[in-house]
Each structure stands twice: as C-alpha cells, then as structure tokens.
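J.: build me a structure from this.
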Amino acid sequence: MMVDVNRLRAACACTLVAIVTAPGHARGEGFRMALGAGVASRSLGSGIAYPFELTLQASPLLSVSAGAVAADGTVVHAYGEVAVNLIVSVGVGAGYQAATGFGSDAGLHLFFGLPIPVYPPTIFENPLGFLDEPWWGYLLPYYRPSWGPWPGVVHEMGVMLKVSRQITHHPSKIGG
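T.: Next up, the predicted model:
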C-alpha cells in the first residue's frame, strides 16, 4: 500500500478548511470535530513516524477517530478506533499495517492518551468550561500498542497537537 504523502497533506489541508469554515453554532445536538497531527516513535520500520487523525465527538465522554501514520515516505498504518474519554482516553481499534510482509496485515490495537488542553486561555478559570467553547486546542501524548500477524507487539508512542471545532452547539452538562 503505497500512498503519496503529498496527497495525504492535501487531504488534511482540505479537512482543516472544512473544519474552519463550518458553522460553529448550527442547530442540533452538541457535536465536535478535531484534526490533529504530530510525531511519534514506532518499534517497526525506521522508528520515526508522523500520525494524523480526525476525531468526531457527539458527547464529551465518547469519540470515534480515523487516522493514519506516515513513515519512510508512505502510510504505514491506517486505523479506526473508539475511545472513552474520562481524565485519560482509553480506546480500542482495528487497522491495516502496510508492508509488513506477514501475509494479512490487519491488526488490533489499544489506545491510551492524556489530553492536555492548551487553549482557550480561560481554562484556568473554569477547568471544564472549555468543553463549551467553539474552538479549543490540546496536546495529546499517547501510547498505541498493536497486535497482528507480525511477531510481537508494534509499540507507538508520540504526541499530537489537535484542534477541536464545535460543529453544532448544545451546552455540555460537564463543563457548564
């Protein structure tokens, strides 16, 4: 599975434009979309990787994400996952590990992350109030172990900078 990294960058840029231009307070229930990118260390391949991810969140406690990890000039892992977000995010997912040479490249993974909000500045006045803000940014240090037909566990540890955009508005009972 060879994917042109420039095409992936263009797709991420288009997604970011869609998030920025979407109406912030449309009708309906509260719904957020986050886009993130970062850097990671992987135990398979060259070791340095660049994850990017799109996350959809209809509730502060549950999220669904799709993402990919680029390394060595191509996408080496594409995945989907569901996570429960309390103080830490804990998720489970499935994905495709490209070019492992082990027959079927499908695998399962766990996800452990610690979201650290960095914007808006009012976060220090009302620590959970950011959940109702139209925009907020956060750092996401994470660990993702993956199992599949390859020998052992593929360990991925990194940090992403994510920007969350409120797509529809329904005040949170947690942050308000």
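
J.: in CSV, list the C-alpha atoms belonging to the longest strand anywhere in the chain.
T.: Using DSSP state E to define each element, the chain has its longest strand at strand 153-168. In CSV, the C-alpha atoms belonging to strand 153-168 read as follows (Å, rounded to 0.1, in the frame of the first residue of the first chain):
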residue,chain,number,x,y,z
VAL,A,153,3.8,-6.0,19.5
VAL,A,154,4.3,-2.8,17.5
HIS,A,155,4.7,0.0,20.0
GLU,A,156,3.9,3.5,19.0
MET,A,157,4.4,6.4,21.4
GLY,A,158,4.0,10.1,20.5
VAL,A,159,2.3,13.4,20.9
MET,A,160,-0.3,15.1,18.6
LEU,A,161,-1.4,18.7,18.6
LYS,A,162,-5.2,18.7,18.0
VAL,A,163,-7.6,21.4,17.3
SER,A,164,-11.3,20.8,18.2
ARG,A,165,-14.1,22.7,16.5
GLN,A,166,-17.6,22.9,17.7
ILE,A,167,-19.8,22.0,14.7
THR,A,168,-23.2,22.1,16.4
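
J.: packing partners of it?
T.: Contact partners of strand 153-168 among helices and strands, from 3 or more C-beta pairs under 8 Å, 6 or more residues apart in numbering; DSSP states H and E: helix 5-21, strand 31-42, strand 48-59, strand 135-147. Every C-beta, even on glycine, is put in place using the N, C-alpha and C of the backbone.

J.: okay, now the sheet partners of the last one, with direction.
T.: Using DSSP bridges, strand 135-147 pairs in its sheet with strand 106-113 (antiparallel), strand 116-119 (antiparallel), strand 153-168 (antiparallel).

J.: highest mean neighbour count out of those?
T.: Greatest average neighbour count among the strands paired with strand 135-147 goes to strand 153-168 (a mean of 19), per mean count of other C-beta atoms under 10 Å.

J.: residues near S65, how many?
T.: Residues contacting S65 under the criterion other C-beta atoms under 10 Å number 21.

J.: which non-adjacent residue is nearest it?
T.: Nearest non-adjacent residue to S65, counting by C-beta to C-beta, 6 or more residues apart in numbering: T55, 4.3 Å away.
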